[in-house]
Each structure stands twice: as structure tokens, then as C-alpha cells.
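In: Sequence and predicted structure are below.
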Amino acid sequence: MLRFDNVSKAFVDEESGRGLLALRNVDLSIEEGEFICIIGPSGCGKSTLLNLAAGFERPSRGRVTLDGKEVAGPHPRIGMVFQEQSLFPWLSVLDNVAFGLRNAGMPRAEARSRARDMLEMVDLARFERTRPSALSGGMRQKVAIARTLVLEPEVLLLDEPFGALDEQGRKHMDLELLKLWEGGGRTFLFITHNIEEAIVLGSRIVLMGTNPGHVKREWRVDLPRPRDLFREDTVRLRKEISRSLQDVLAECGCKRTELLAPIEIKDMEIRT
Amino acid sequence: MALEEEHVVKRGNAGPSPLAPEDAIDDAISRNVVHFDLTASRARRWTYLALIGLVGVAITVLAWQAVSMLVYEMKGIVYPSPLDTVMRLGDLIAGARLYDHTIAEHMFSSLARWGIGYLLAAASGIVMGMLMGSSAVINGIGMTPMTVLQLIPGLAWIPIALLLFGLGETATIFMIYMTVLPAVAISTASGIREAPPVYRRAASILGTSRTGMFFRVLLPAGSLQMLNGLRIGLANGWRVLIAAEMIVGVGLGLGYVLVQSRWTLDFEAAFVSILVICGIGLFIEKILFSVAERRLRDRLGLEVD
């Protein structure tokens, strides 16, 4: 179980003399095997929350624990998939996936054969010799996921991993991700801007508010899978979450339209 | 799956087609193919680029010729023309001696001197840069002296070289060493330090040790910049070599030929020496380093084709 126990996080910059409270009194318990989706406006501390879970940051107050033990630094027990491209471009797809296994001291041949099995699972075995630069954005993220999952982490953190993909690519990757989650019984903690994506994926959805970042509301999603976005109860949930998100946006003085981010971006593109 | 296949960047299939780009487009439209090949027209493009390059060379040679004619007309001084210089070079290559040595001996003596100084400097610059890249403290300590060293013009080392080593070989090598070292150290250090932070984070959560982080992540990520420093150092070293040979004198070498020709009024020999210096510089810069950089980029996975 991954627990955030009354966690606050402040960033201080002594040089400029300014401090920023990014998270305040966050309590969140994540059971083994849950698929948690975190939504919220930008600046609500979603990424900070993930960085705390990954051990890249330490909480200023409170504790982050995995199975009762404090998360003291990055550790392969907790895997992470980054928003930006993070594969090592100088390694082949296979060696990228084998990277963590080699770190753990596994002999090259064995690491490669395990990595190969993992690539098989994500349908990318054909590309084992390929360099990441020759893959599409979606496939790169899939390799990044494989690189993490091959270490069999208890928790997988995903920071808007498909944010850079087009709509079709994102939906495709969402389904692939679901397959991996359903097969493994692992805990996934997934950040997104997109309510529909959260509903398709999450077993629980956490809405965060801003100034400072905090947990606003949670929904347990018990809808049957695969989820149909147009079922009556799904639509009701979408509306409810959407309304709550609007409230959060109104509170923080953000533009209400941020909710409709993709449409807004398209509008701007036409104007410019 | 089909979706993914399409997303893979294709490296071009089918055999080379001899069509010009415009015709190849028409051909692709009429045959309804997605990926088509332009290798043949790429060869034409290379020829075209080479021709443009040759025009630049031709302009330089013509300007040289014009100057030599003008100087002769106006001052009555014999100013070696391109043809004179090339013919003299031909004589020298055929075995004529210049200040008791063949041109090849002069050339190889310069190259050897420069090679020794450069290799010593490159090796210690890389080690120094790696140390600076591995620790903020060492970087803080090392960056100021390296920056200061880089600001000192190569020729300014002459008095110091003479004081330390007197006239001769060692002084020349010392001067090369001092001008090459900072470029290599600084670029190695900054290449490592400026590696994208996401690589660092990804590696650390994949359980990478400190040494693993350094050698398997930061060093490859910074190696292109390191190569760049090696290239800058090479050019710096080559320039200072010629200057050092002119002053710290060793009786053999292209710089020695230059300065000696001044005393003997054999200006043709000076021009030959300059020509050889340029030739070697061009070869190293355009051929050796271009090839090295292309290979490194490929190894680093930075290029698609």
C-alpha cells in the first residue's frame, strides 16, 4: 500500500527569498492493485505528488510510505514513466528495456532474454534492435513502460505519459496500458488532464485543487470494463466530475475553458 | 498493430529509382505508393553541392592570382601565383630539398609534434572534464582556471614555454598542450553536466548506481559535446603549432619553413607551406571529424538515416 500521510511540500528558494507551498496536508491511501487517476488543473501539484512517490522529492511535512516503509529515494520498487521522451537514444530498444536489469547485476544474456519477453508482451519484439529515434511517440512510451515493468515494480507512476500523442494514439495506448494493468495486479498511479481518459482507466479518480495543491474529491469507479463512455451512468459520472473540475477552476480563478483544453488549443491554432 | 507499423519511420524501401524528385512525386502519385526512393537524385544533389564548393575554391584561387599580378605590375615584386606555388609543391614532392629536408619530412615532423601535444592534452582534458562533470565542487574549482586558460592566446605562451623548457621540441609541445587542454576539459564537463535531467531521473529510478549513472548515462549523453571540444582543440592546436615552430624554432617543420623563407626571400616556399597547412587542416576538419561526428551521432541514436 502506497500512503501519503498528511503530506505537505514546500519549495523554497533562498536566493530569491521566495517560498511556494505546492501541496498541503494531502492524505491518500492507495491499495495494492488499484488504478488511480489524478486529475486537476495545472499547478495543482499533481506532478509534485508523483515526484514524492518516486522519491525524487522528499516531503516537507508528513510521510510517504510504501508498505509502511518510508520512500527515501528513487528505487526500482516504484517505477515511473515520464511525460517527455526518456529512453536512452544511444541504446537499442532491447538494451533500454534491459537497462534496469543490468543495474541489478543480472548477466547480459539473461537480462536481454527477460527484456525480450517483456517486449513480446507489449507487441514490440520486432523492434528490439531499433533505436528509439526510429519509433513513433506512442511506441517509445510503450518501450518506456516495458523498461519499467520488467523490473516488476509494486507501483507504476505515470506522469501524463500520452500527453504528447494525438487523440487516436492516446486512446490506443490507454487500452494497451489497461491490458498491462489487468494482467499484472500492480498499482498504477496515473496523471491526466483528460476526464474521459480517467474514466476509461481508473478504478478510482482523485480530483486535486490548487493554491496550495490538495485533494478535492474522490470517486470510486465501479463501472464494468471495458468502459463505455456513452452509457447512461458513465455519462452521469463524466458530468459530475466535469462540474467538480469547473468548481475547482472557478476557485483558483483559472479559465473555465481549461477543461476543454484540446478544443481551445485547436481554436487558437486556427486563429494564429 | 497496423497503426504502429505506420508510425515507424521508414528508412526508404524499394531499389533506387533514377527519377528526379519532381518526376518521382508524379510516379508515386500514379502508382499510388507511400514511400519512394530518392537515392539516385541524392547523388545528383551531392554533385551539385560539390560543384558549388568548387566555385568557392575557384574564386579564392582567382583572387590570389589577381593579387599576384597586381603586386607585380604595381611594385615590380615577384609574388608567387597559384601556379608557381603548385609547381614548386610538385618539385618538392618529387624530392627537391627545402632547408636540408624534404617537404614530407617537414610535414611529418609538424604532424608528430602536434599529435603528441594533442594526444596528451586530449587525454588529460577528458579526464579533467570527467572529474569536473562528476562533481559540482570540482567543477566549481576547475571552471575558473580552465576559462582563464582558454582566454590566453596561443602565442602568449611563448615566453612561458621558453622559460620552462628553453628552445626546442618540448616548448612547442607544451604550447600545443596548453591551448588544447581547456577546450577539451570545458566541453567534456559541460556536456556531462548539461545532460537532460530526465535521463538522470529515469536512470536513478531504474536503480542505477553512481558509477553506472556516470559511465552509462551522463558520459554518452555528453559525448557529442566532448567531440566538439576535441574538434575545437584540434584546430587551436594546429594554429599554435605553426606559430610555435616559427618562433621556438626546431629546424624542421612547416612553421620553420615559413619563418626560414622570410630570411632566404624564398617566398614560394612560404606559400607551399601555407598550402600544405591548409590542406592538412581541411582534411582533418572536413574528413576525419565529419566522419567521426557522423559515426558518433549514429551510435548515439541521434539520426534517423
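Out: On my side now, so go ahead.
In: give me the low-pLDDT residue ranges for the chain?
Out: As the question left the chain open, I've gone with chain A. Across chain A, residues meeting the criterion (pLDDT under 70) sit at A:253-272.
In: please go with chain B instead
Out: Low-confidence segments of chain B, defined by pLDDT under 70, span residues B:1-18, B:249, B:303-305.
In: Give me the domain ranges for it.
Out: Following automatic domain parsing, one gets these domains for chain B: B:1-79, B:91-299.
In: can you map out the strands along chain A?
Out: Along chain A, the stretches classed as strands by DSSP state E are A:2-13, A:18-30, A:35-39, A:61-66, A:69-70, A:78-81, A:155-159, A:187-191, A:204-209, A:214-220.
In: Which of these sits closest to B:Ala156?
Out: Closest to B:Ala156 of those is strand A:2-13 (CB to CB; 41.5 Å). Every C-beta, even on glycine, is put in place using the N, C-alpha and C of the backbone.
In: residues touching residue 164, list them.
Out: Using chain A here. In this structure, A:Ala164 makes contact with A:Gln83, A:Glu84, A:Gly137, judged by CB atoms under 8 Å, 6 or more residues apart in numbering or on different chains.
In: My question was about chain B, not that one.
Out: B:Ala171, B:Phe174.
In: helix/strand/coil for it?
Out: Taking DSSP: H, G, I helix; E, B strand; the rest coil as the rule, one finds B:Leu164 in the helix state.
In: Quickly note the distance from it to B:Ile242.
Out: With distances defined as CB to CB, to the nearest Å, the gap from B:Leu164 to B:Ile242 amounts to 20 Å.
In: any chance you could map the helices in the stretch 151-272 of chain A?
Out: In the stretch 151-272 of chain A, the segments counted as helices under DSSP state H, counting those that start in this stretch are A:167-184, A:195-201, A:232-251, A:261-271.
In: Just name the most buried of these.
Out: Among the helices of the stretch 151-272 of chain A, ranked by average contacts under mean count of other CB atoms under 10 Å in any protein chain shown, first place goes to helix A:195-201 (a mean of 22).
In: Using JSON lines, please lay out the helices of the stretch 151-272 of chain A together with distance to B:Gly56.
Out: Output for the helices of the stretch 151-272 of chain A, formatted as JSON lines (distance: least, CB to CB, whole Å):
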{"stretch": "helix A:167-184", "distance to B:Gly56": "46"}
{"stretch": "helix A:195-201", "distance to B:Gly56": "56"}
{"stretch": "helix A:232-251", "distance to B:Gly56": "60"}
{"stretch": "helix A:261-271", "distance to B:Gly56": "42"}
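In: With respect to B:Ile138, which of these lies nearest?
Out: Of all the helices of the stretch 151-272 of chain A, it is helix A:167-184 that lies closest to B:Ile138, at 42.8 Å by CB to CB.
In: by contact count, what packs against that closest one?
Out: Here helix A:167-184 touches helix A:137-149, strand A:187-191, helix A:195-201, helix B:2-7, going by 3 or more CB pairs under 8 Å, 6 or more residues apart in numbering or on different chains; DSSP states H and E.
In: give me that answer again for 6 Å
Out: If contacts are counted by 3 or more CB pairs under 6 Å, 6 or more residues apart in numbering or on different chains; DSSP states H and E, helix A:167-184 sits against helix A:195-201.
In: Distance from the helix it packs on to the middle of the chain?
Out: Between the mean C-alpha point of helix A:195-201 and the mean C-alpha point of its chain there is a distance of 12 Å (CA atoms, centre = their mean, to the nearest Å).
In: contact partners of that helix?
Out: Under the criterion CB atoms under 6 Å, 6 or more residues apart in numbering or on different chains, residues A:Phe35, A:Cys37, A:Ile39, A:Asp174, A:Thr192, A:Ile205, A:Arg227, A:Leu229, A:Arg238, A:Ile241, A:Ser242 lie in contact with helix A:195-201.
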